[in-house]
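Engineer: give me coordinates for this.
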Amino acid sequence: MNSRKDKYYNKARAVGYRSRAAYKLLEIDNKFDILERAHNILELGASPGGWTDILLSREPDYLLSVDMLIQKSDEYPYAIRGDIRREDAWERIADFLQGREMDLILSDAMSHTSGQHDRDHASSVEICRAIVDYGTDVLRIGGNMLMKQFQGQYTEEFIRDYKPRFKRNYITKPKASRDSSSEIYIIFAGYLGSD
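Structural biologist: Now for the predicted structure:
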């Protein structure tokens, strides 16, 4: 049987979620309650849309979705196509937001995997660093961040570098993640503001 066709894949198809990732976000939210007060949300790595399904069901005041493959549509009324590792993408995000500050920035973004763990891990850390470095410019004081990373040798260093900017930090791995995957989700909660 195809490994994609596990119980979460089948559950997602049955209820109309665009991907099994919807259950990862649901589990993280059940544990950490990150969506409760998230009225303005920036979603990074939005395609194929599993997280978007959950976010839209919560009816936020504002949701901006960003992905390298995304296109504006009825499902994505506010959407930007761009590479979040690049400064120009964040300039476009800031222009689009026009000073609006986000309560939550969340990312399920990942570069194409090579199958080489160290390389894929380093790439995931690069994405996470870009999210925090650029994203805090549009995050409100007290706001939260959630991002995916392949766990590896640079994970502790990454958290150590950025945790002073926030009140709390957590690492979690949802049950909906495949056992064979090294993916984890890192939460930085309670943004303290820039120095």
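Engineer: low-confidence regions, the chain specifically.
Structural biologist: 1-20, 48, 70-77, 178-180, 195 (pLDDT under 70).
Engineer: name every strand pairing with the top strand by length along it and say which way it goes.
Structural biologist: If you go by DSSP state E, the chain has its longest strand at strand 139-150. Strand 139-150 sits in its sheet next to strand 102-107 (parallel), strand 183-191 (antiparallel), going by DSSP bridges.
Engineer: tell me which of those strands lies nearest to Arg168.
Structural biologist: Arg168 sits nearest to strand 183-191 of all these, at 4.4 Å, using CB to CB. The way it works is simple: take the backbone N, C-alpha and C, and place the C-beta from them, glycine included.
Engineer: give the contact list for the spatially most central residue of the chain.
Structural biologist: Closest to where the C-alpha atoms of the chain average out (CA atoms, centre = their mean) is Ser107, at 1.2 Å. Residues near Ser107 by CB atoms under 8 Å, 6 or more residues apart in numbering: Glu43, Leu44, Gly45, Ile84, Ile127, Cys128, Ile131, Met145, Leu146, Met147, Lys148.
Engineer: would you mind measuring from it to Leu25?
Structural biologist: From Ser107 across to Leu25, the span is 11 Å (CB to CB, to the nearest Å).
Engineer: repeat that for Asp120.
Structural biologist: 21 Å.
Engineer: just the CA trace of the helix or strand encompassing Arg92, in CSV.
Structural biologist: For Arg92, the host element (DSSP states H and E) is helix 87-97. Only the C-alpha atoms of helix 87-97 are listed here, as CSV (Å, rounded to 0.1, in the frame of the first residue of the first chain):
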residue,chain,number,x,y,z
GLU,A,87,14.0,39.4,1.1
ASP,A,88,12.0,40.6,-1.9
ALA,A,89,9.1,38.2,-1.0
TRP,A,90,9.0,39.8,2.5
GLU,A,91,9.0,43.2,1.0
ARG,A,92,5.9,42.2,-1.1
ILE,A,93,4.3,40.8,2.1
ALA,A,94,4.9,44.0,4.0
ASP,A,95,3.5,46.1,1.1
PHE,A,96,0.5,43.9,0.9
LEU,A,97,-0.1,44.1,4.7
